[in-house]
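Q: this one's structure only:
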């Protein structure tokens, strides 16, 4: 169950992590970072992206870590349960879940189709319900391993600044992330006595393929930067570093909280000097 060379201060050696939506962007960088901190990592992929998952696993192996690809569409109950079962069968158990899989399907609300509404809710919110439920079941089955971690299990839900900031023309996405925030807090409240920690990360604008149009030209980047007081776009490593902290015992007294990693985007910079 070794995950490669342990890397302080996170100390995840001997632990097993599952990252959903791990073939690109934030998920890919998170999987690599967790492996670098010593965890063995299950790299989730959906239909048609196994080669991408294998490439992530190859990068992890080349750096001395341990990883395996695991398939599941996070909308599908049987596939999610099978993914966790496969992870447990291969690595022995599960200690860390990063529920990262997500997508956007923006549209003017009057033109938004029921299909687009359901797709975003099913992936972004129902997918987190299914993945967190399967992970919690494994945590409870396994029991405490005090030599491995102070917690029975650690869950990091990937949310968004749009759990707080309304997003016109993306009501489905904002609604899904608002749901993630209260799902996370409700699970944290329910399972804190079991020593299961559940937290979330709310990224701002991050340089990923999902929002390429917002940063790939100079004009688009300059417009984007007006939303971020810190003056730069976020990188996937910014989010991965936050995941490492939440997954480690360094944050052992923290549950039910959302870390906003957004360069100040959620500070409503357009109000600076006004009011």
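A: In hand now; what should we look at? Remember, predicted model here, so these are calculated numbers, not experimental data.
Q: C-alpha from now on. contacts and neighbour counts both.
A: Fine.
Q: and the average pLDDT for stretch 38-49 is what?
A: When pLDDT is averaged along stretch 38-49, the result is 96.
Q: so what touches that stretch?
A: 1-7, 11-23, 31, 34-35, 52-53, 56-57, 65-73, 87, 91 (C-alpha atoms under 8 Å, 6 or more residues apart in numbering).
Q: tell me where the protein has strands.
A: 16-19, 40-45, 66-71, 96-99, 153-158, 196-203, 258-261 (DSSP state E).
Q: out of these, which one sits most buried?
A: Each of the strands of the chain was scored by mean neighbour count; the highest is strand 40-45, a mean of 30, by mean count of other C-alpha atoms under 10 Å.
Q: pull the helix or strand with minimum mean pLDDT from this protein.
A: helix 218-225 (a mean of 85; mean pLDDT, DSSP states H and E).
Q: residue 19 touches residue 27, doesn't it?
A: Yes. Between residue 19 and residue 27 there is a contact under C-alpha atoms under 8 Å: 6.5 Å.
Q: hey, what's in contact with both of those two?
A: residue 100.
Q: just give me the neighbour total for the nearest residue to residue 268 once chain neighbours are set aside.
A: Leaving aside its sequence neighbours, residue 268 sits nearest to residue 227 (C-alpha to C-alpha, 6 or more residues apart in numbering; 7.6 Å). Using other C-alpha atoms under 10 Å, residue 227 has 22 neighbouring residues.
Q: ok, the residue nearest to residue 169 when sequence neighbours are not counted - contacts?
A: Here the nearest residue to residue 169 in space, its sequence neighbours aside, is residue 108; by C-alpha to C-alpha, 6+ apart that works out to 4.7 Å. Contacts for residue 108 (C-alpha under 8 Å, 6+ apart) come out as 168-170.
Q: highest neighbour count among those residues?
A: For the contacts of residue 108, neighbours tallied by other C-alpha under 10 Å; top is residue 170, 19 neighbours.
Q: among the contacts of stretch 38-49, the buried ones, what's the ChimeraX command?
A: Those of the contacts of stretch 38-49 that count as buried under 16 or more other C-alpha atoms under 10 Å are selected in ChimeraX with:
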select :1,2,3,4,5,6,11,12,13,14,15,16,17,18,19,20,21,22,23,31,34,35,52,53,56,57,65,66,67,68,69,70,71,72,73,87,91
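Q: mind putting the strands of the chain into JSON lines with distance to residue 133?
A: Output for the strands of the chain, formatted as JSON lines (distance: least, C-alpha to C-alpha, whole Å):
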{"stretch": "strand 16-19", "distance to residue 133": "13"}
{"stretch": "strand 40-45", "distance to residue 133": "16"}
{"stretch": "strand 66-71", "distance to residue 133": "17"}
{"stretch": "strand 96-99", "distance to residue 133": "11"}
{"stretch": "strand 153-158", "distance to residue 133": "10"}
{"stretch": "strand 196-203", "distance to residue 133": "12"}
{"stretch": "strand 258-261", "distance to residue 133": "19"}
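Q: distance check, the residue nearest to residue 169 against residue 170.
A: 7 Å (C-alpha to C-alpha, to the nearest Å).
Q: same question for residue 90.
A: Residue 90 is 39 Å from residue 170, by C-alpha to C-alpha.
Q: for residue 146, same thing?
A: 43 Å.
Q: can you pull out the helices in this protein?
A: 25-36, 50-62, 77-91, 114-121, 127-142, 171-191, 218-225, 236-247 (DSSP state H).
Q: what comes into contact with the longest one?
A: Same thing as helix 171-191. Against helix 171-191 from outside (C-alpha under 8 Å, 6+ apart): 103-106, 109, 116-117, 120-121, 124-125, 128-129, 157, 159-160, 162-167, 196-200, 255-258.
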